[in-house]
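A.B. asks: Next comes the sequence, and after it the predicted model I'd like to discuss.
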Amino acid sequence: MKKYYVTGNTAKGLVNYISSNLQNIKQTIILKHPSDSLKTSLIQQVIDSYQSNYEIEVLLSALSSKYLDGVIIREKSLAVICDRVAKNNKIPNAVEIDCSLFTKDKPAINTELKEKIIHHTEKAYKNFRTGLSIHDDLEAIYINEMDFDRANELAQEFIQRIMKNQEKQNRKSTTYHRLFGTNTADGVVNEVPHITERMKKVYYIKGRAGTGKSTFMRKVVKSCKEYGFDIEVYHCSFDPGSMDMVLVPELEFCMFDSTDPHEFFPTREGEEIIDLYEEAVKPGTDEKYEEQITKVHNHYKSFMKQGVKELKKAGEYREKYESQFIFTEEDKNAIVECINQQVIQ
């Protein structure tokens, strides 16, 4: 079972990578209903039905751990996703199931609660945006002390190392865009250990803001594409324009930004650290700008924390919103039966 996110709460607002992950999927079933609890329960039933016989990809939700965005079963070329994720995306071969047709209870929707959820979510995004603009000042400190030639050398040395004895594939590379974690009503979450555990080689990219961790990974992605390998790109949930992880299944390796708030260290054979601060930043930079770095770091972090608080408030209103909906096992079974009837065998 694989677990990752296709949606994220970021400094650029809500990002959605569902379309990228539905490449080559022949059938997508979209569950339509105002209750995310109902859709999550249905998605979980689909997971339970297929997970013993198939490799399952569980799409975790940026709302909180109580919810799911969907499930993909590539061996069956099948996906089941909620309408919230499908919204504003062109999804070919999609079948929409209106779950409200199967539920006996049809409450009048409390629009005030919905507005509160939107209000606090937007306030969270505003805080994240402010945090990102302050974070740029932190990056500027290190960029000014950076040896870019050495950073480029490191990237080229790494690429030569992983591509040694590899032949170019006679096919086009496919890239899947995802997130390994995000900001949620539960706080800042990630699935890094789960994702990396299946890889033989794991590279922990260390450094500071602005020291080229994302650029390093972009160069690796470019090379892997040229060789025709499929790639999983995991975007940064703070600034989705940056990469936080690159995973290449055929080469059995991944590399990721191993700094706060997803800092980890090697624990097994085949794992190693690549430290861009040590290798490409002028020695003594941390000490030289210590006071300024601490001030900027604490300032941007304060906005990030406030943003997460707003998501928690949105989550509290979501719980009240969800409590309006009542659905029975009979209701759910009827919908699951409809899903099964729609699935192309």
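C.D. replies: Ah, there it is. From a predicted model like this one, the values you see are computed outputs, not experimental measurements.
A.B. asks: C-alpha coordinates for stretch 183-194, CSV please?
C.D. replies: What follows is stretch 183-194, C-alpha atoms only, in CSV (Å, rounded to 0.1, in the frame of the first residue of the first chain):
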residue,chain,number,x,y,z
ASN,A,183,-0.6,21.5,6.7
THR,A,184,-3.8,20.1,8.1
ALA,A,185,-6.3,20.6,10.9
ASP,A,186,-4.2,18.0,12.8
GLY,A,187,-1.1,20.1,12.4
VAL,A,188,1.9,19.6,10.0
VAL,A,189,2.0,16.0,8.9
ASN,A,190,4.1,13.9,6.6
GLU,A,191,4.5,10.3,5.3
VAL,A,192,8.3,10.4,4.7
PRO,A,193,9.2,7.2,6.6
HIS,A,194,6.4,5.3,4.8
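A.B. asks: Measure how buried residue 3 is and give me the count.
C.D. replies: 14 (other C-beta atoms under 10 Å). Placement of C-beta: from N, CA and C, glycine included.
A.B. asks: And it, its phi and psi?
C.D. replies: In terms of degrees, to the nearest 10, the main-chain angles of residue 3 are phi -130, psi 130.
A.B. asks: do you know how far the residue lying closest to residue 282 once chain neighbours are set aside is from residue 288?
C.D. replies: In space, and not counting its chain neighbours, residue 282 is closest to residue 145: 4.2 Å by C-beta to C-beta, 6 or more residues apart in numbering. When distance is defined by C-beta to C-beta, to the nearest Å, residue 145 is 8 Å away from residue 288.
A.B. asks: Same question for residue 276.
C.D. replies: In terms of C-beta to C-beta, residue 276 sits 18 Å off from residue 288.
A.B. asks: Comparing those two, which residue is more hemmed in?
C.D. replies: Shown here are residue 276 and residue 288; by other C-beta under 10 Å, residue 276 has more neighbours (24 against 13).
A.B. asks: Identify the residues contacting that one.
C.D. replies: For residue 276, the contacting residues are 151, 154, 205-207, 211-213, 216, by C-beta atoms under 8 Å, 6 or more residues apart in numbering.
A.B. asks: Make sure residue 201 is actually in contact with residue 266.
C.D. replies: No. Between residue 201 and residue 266 there is no contact under C-beta atoms under 8 Å: 10.8 Å.
A.B. asks: So for those two, which residue has more residues nearby?
C.D. replies: Shown here are residue 201 and residue 266; by other C-beta under 10 Å, residue 201 has more neighbours (16 against 13).
A.B. asks: In contact with residue 32: list those residues for me.
C.D. replies: Neighbours of residue 32 in contact, by C-beta under 8 Å, 6+ apart: 83, 96-100.
A.B. asks: what bridges to it?
C.D. replies: For residue 32, the beta-bridge partners are residue 98 (DSSP bridges).
A.B. asks: ok, and what's touching stretch 122-129?
C.D. replies: Looking at what lies outside stretch 122-129 - C-beta under 8 Å, 6+ apart - the contacts are 9-14, 183, 238, 303-304, 306-308, 310-311, 314.
A.B. asks: Now that stretch: buried residues?
C.D. replies: Within stretch 122-129, the residues scored as buried using 16 or more other C-beta atoms under 10 Å are 123-129.
A.B. asks: now stretch 239-258
C.D. replies: Buried residues in stretch 239-258 (16+ other C-beta under 10 Å): 239-240, 243-248, 251, 253-258.
A.B. asks: what about it, distance to the chain center?
C.D. replies: 11 Å (C-alpha atoms, centre = their mean, to the nearest Å).
A.B. asks: for stretch 194-201, same thing?
C.D. replies: Its chain's average C-alpha position is 16 Å from that of stretch 194-201, according to C-alpha atoms, centre = their mean.
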